[in-house]
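Asker: sequence plus the predicted model coming up.
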Amino acid sequence: MPLSEYEQRVLEQMEQQLRSDDPKLANAISGAAVRRPRNVVLGTLLGLAGVGMLVGGVAANILVLSIVGFLAMFGGVMLAISRPRTQPSDEATPDNVRPMRRKSDGSFMTRLEERWDKRRDES
């Protein structure tokens, strides 16, 4: 069932609000940063080499080779699934950049309630 025009407008406003409030979170959940094919291929090859070293080390009863093989497998998987670090976007304007501030003495819930009240008052 497609969204109505009103629902689409509300969704777009929510997306814009999220991007201005927390651009890091918005980039993380938008899926904009895709995996690099080179990293996936290298990670897969490193993982397969690690499996070979692990099996060879176990078969030849060489503990060091088995450990190195396991570490190579782990490194290959991490390389294959890692996403590139995102550079600061050009979308950061003075309107949506918040200055850093010291942590308040209040609890997490108090700060969360204050932020909620502040957002509701702005609307």
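Answerer: All right, it came through fine.
Asker: when you work out contacts or count neighbours from here on, use the C-alpha atoms and nothing else.
Answerer: Noted.
Asker: so who does residue 69 touch?
Answerer: Neighbouring residues of residue 69 by C-alpha atoms under 8 Å, 6 or more residues apart in numbering: 49, 50, 51, 52, 53, 54, 57.
Asker: which non-adjacent residue is nearest it?
Answerer: residue 50 (4.0 Å; C-alpha to C-alpha, 6 or more residues apart in numbering).
Asker: do you know how far that neighbour is from residue 77?
Answerer: In this view, residue 50 and residue 77 are 10 Å apart by C-alpha to C-alpha, to the nearest Å.
Asker: when those two are compared, which one has more neighbours?
Answerer: More crowded of residue 50 and residue 77, by other C-alpha atoms under 10 Å: residue 50, with 24 against 20.
Asker: and whatever helix or strand the more buried one lives in, what other elements does it pack with?
Answerer: Counting by DSSP states H and E, the element that carries residue 50 is helix 37-59. Contact analysis of helix 37-59 by 3 or more C-alpha pairs under 8 Å, 6 or more residues apart in numbering; DSSP states H and E lists helix 63-81 as its packing neighbours.
Asker: could you dump the helix it packs on to PDB, C-alpha only?
Answerer: Only the C-alpha atoms of helix 63-81 are listed here, as PDB (Å, rounded to 0.1, in the frame of the first residue of the first chain):
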ATOM      1  CA  LEU A  63      50.200 -24.700  16.800                       C
ATOM      2  CA  VAL A  64      51.700 -21.400  15.600                       C
ATOM      3  CA  LEU A  65      50.500 -21.900  12.000                       C
ATOM      4  CA  SER A  66      47.000 -22.600  13.300                       C
ATOM      5  CA  ILE A  67      47.000 -19.500  15.400                       C
ATOM      6  CA  VAL A  68      48.200 -17.400  12.500                       C
ATOM      7  CA  GLY A  69      45.600 -19.000  10.300                       C
ATOM      8  CA  PHE A  70      42.800 -18.100  12.700                       C
ATOM      9  CA  LEU A  71      44.000 -14.500  13.000                       C
ATOM     10  CA  ALA A  72      44.200 -14.300   9.200                       C
ATOM     11  CA  MET A  73      40.600 -15.600   9.000                       C
ATOM     12  CA  PHE A  74      39.400 -13.100  11.600                       C
ATOM     13  CA  GLY A  75      41.200 -10.200   9.900                       C
ATOM     14  CA  GLY A  76      39.900 -11.200   6.500                       C
ATOM     15  CA  VAL A  77      36.300 -11.300   7.700                       C
ATOM     16  CA  MET A  78      36.700  -7.900   9.500                       C
ATOM     17  CA  LEU A  79      38.200  -6.400   6.300                       C
ATOM     18  CA  ALA A  80      35.400  -7.800   4.100                       C
ATOM     19  CA  ILE A  81      32.600  -6.500   6.300                       C
END
